[in-house]
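Asker: Sequence first, predicted coordinates after that:
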Amino acid sequence: MDDLLLNDSHPLPAIGFGLYKVDPEVTEDVIVAGVEAGYRLVDGAEFYHNEPQVGAGLRRVDRGQLTVTSKFWGDDEMSRDAVMRSFDATEKALGTNVDVYMIHWPRAKRDQYVDAWRGLIELRDAGRVRTIGVSNFTEEHLRRIIDETGVVPAINQVESHPWLPQHELRAFHDANDIITQAWSPLGRGRLLADPTIGQIADRLGVSPAQVIIRWHLQLGGALIPKSTNPERLRENLDVYGFDLTDADMAAIARLETGERTGTHPDDRD
Ligand SMILES: NC(=O)C1=CN([C@@H]2O[C@H](COP(=O)(O)OP(=O)(O)OC[C@H]3O[C@@H](n4cnc5c(N)ncnc54)[C@H](OP(=O)(O)O)[C@@H]3O)[C@@H](O)[C@H]2O)C=CC1
Ligand SMILES: O=C(O)C(=O)[C@@H](O)[C@H](O)C(=O)CO
């Protein structure tokens, strides 16, 4: 699997696996299955309510080769102190360090995300976390944290899939050395039934999920598809033996509708 280079000079595995809605009962085994399949990045969050079980899984694998992500939820408060409290709780729940920490949502109506970002910078400067990023930030939010702190996030994790390719935001990321990491990269599974994707998959002898994952890679971004099924976890990594043609990329580009499968950043406060 390829790595992307972050603006803090650390590598980021292009494909990780997501843990939203992974039942705590199965989380430990999913972590082990994911690592056995070859993943080197685990995308977690305080909000997923499975961090103790993620930690239990991490204790059964070679933790050293993995990038572990978590995210600050901030629904009570988005202050620097709230960041510290959440980070402490996440580290305790995981029983290991966090490699990548992100602000989960800007919650812009509260006008506190710059304070929260200062908290993440403090964690990084204290050596408690290697890489800091954000999630669900628009260009406006990104410009503001960069202007007010001088620190450019290494990653912006945003919803992206063929219905919502996020070309403008990706261009802003590229211009500012920010990695785009796609959440719900398969459109929460809904894009797998799309006929255009199906035709490309049939021609290439791969699965619809593999076509979509390959599309993300050929756009130059990172992604974190979720599966709790060991076979599908393996399938989602087995995407380096074929290429989409320019015509395939153009056909997938025509699927853009702007449809979201999750919340718009402006609608979560
Ligand atoms: N920062 C944020 O605000 C957000 C972050 N995320 C992150 O992104 C991750 C992925 O997003 P998510 O919403 O889970 O959606 P995905 O787009 O990754 O789709 C997941 C769905 O696709 C199915 N699936 C996965 N691989 C295959 C396959 N090869 N063949 C058939 N079906 C497949 C899964 O089922 P099954 O498990 O049965 O295989 C599941 O139903 C989350 O887990 C989370 O880590 C998600 C939302 C918001
Ligand atoms: O999965 C996550 O990381 C979330 O932030 C969820 O809130 C997700 O975005 C969602 O839309 C839940 O309805």
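Answerer: Structure received. Ligands and ions are numbered 1, 2, ... in the order given.
Asker: so who does the closest residue to ligand 2 within the stretch 101-250 of the chain touch?
Answerer: Closest to ligand 2 within the stretch 101-250 of the chain is His104: 5.9 Å, counting by C-beta to the nearest ligand atom. From N, CA and C alone the C-beta is placed, and that goes for glycine too. Applying C-beta atoms under 8 Å, 6 or more residues apart in numbering to His104 gives the contacts 45-47, 71-74, 135-136.
Asker: Next, give phi and psi for it.
Answerer: The phi/psi pair for His104 (degrees, to the nearest 10) reads phi -70, psi -50.
Asker: nearest spatial neighbour of it, skipping sequence neighbours?
Answerer: Nearest non-adjacent residue to His104, counting by C-beta to C-beta, 6 or more residues apart in numbering: Lys71, 3.9 Å away.
Asker: mind listing what that neighbour touches?
Answerer: Contact analysis of Lys71 by C-beta under 8 Å, 6+ apart lists 44-47, 101-104, 135, 157.
Asker: top of these by neighbour count?
Answerer: The residue in the contacts of Lys71 with the most neighbours, by other C-beta atoms under 10 Å, is Gly44 (30 neighbours).
Asker: so it makes contact with Thr69?
Answerer: Yes. Here Gly44 reaches Thr69: they are 6.1 Å apart, a contact under C-beta atoms under 8 Å.
Asker: The residue in the chain positioned nearest to ligand 1 - how many residues pack around it?
Answerer: Closest contact between the chain and ligand 1, by C-beta to the nearest ligand atom, is at Gly18 (2.3 Å). Gly18 has 24 neighbours, counted by other C-beta under 10 Å.
Asker: Stretch 84-97 near ligand 2 anywhere?
Answerer: No. Using C-beta under 6 Å from any ligand atom, we find that stretch 84-97 stays clear of ligand 2, coming within 13.9 Å at best.
Asker: Near ligand 1, which residues of the chain are found?
Answerer: So the chain meets ligand 1 at 18-20, 43, 104, 135-136, 157, 183-189, 192, 207, 209, 224-229, 232, 235-236, 262 (C-beta under 6 Å from any ligand atom).
Asker: hmm, 5 Å instead?
Answerer: 18, 20, 43, 135, 157, 183-184, 186, 188-189, 209, 224-229, 232, 235 (C-beta under 5 Å from any ligand atom).
Asker: Return the members of these classed as buried.
Answerer: Among the residues of the chain next to ligand 1, those scoring as buried are 18, 20, 43, 135, 157, 183-184, 186, 188, 209, 224-228, 232, 235 (criterion: 16 or more other C-beta atoms under 10 Å).
Asker: still on that earlier bit, following the helix or strand that contains the residue nearest to His104, which helix or strand shows up next?
Answerer: Assigned by DSSP states H and E, Lys71 falls within strand 67-72. Past strand 67-72, further along toward the C-terminus, the next helix or strand under DSSP H and E is helix 80-94.
Asker: Enumerate every residue touching the closest residue to Gly187 other than its chain neighbours.
Answerer: Distances taken as C-beta to C-beta, 6+ apart put His161 closest to Gly187, at 4.3 Å, once the chain neighbours are dropped. Listed by C-beta under 8 Å, 6+ apart, the contact set of His161 reads 182, 184-187, 191, 212, 261.
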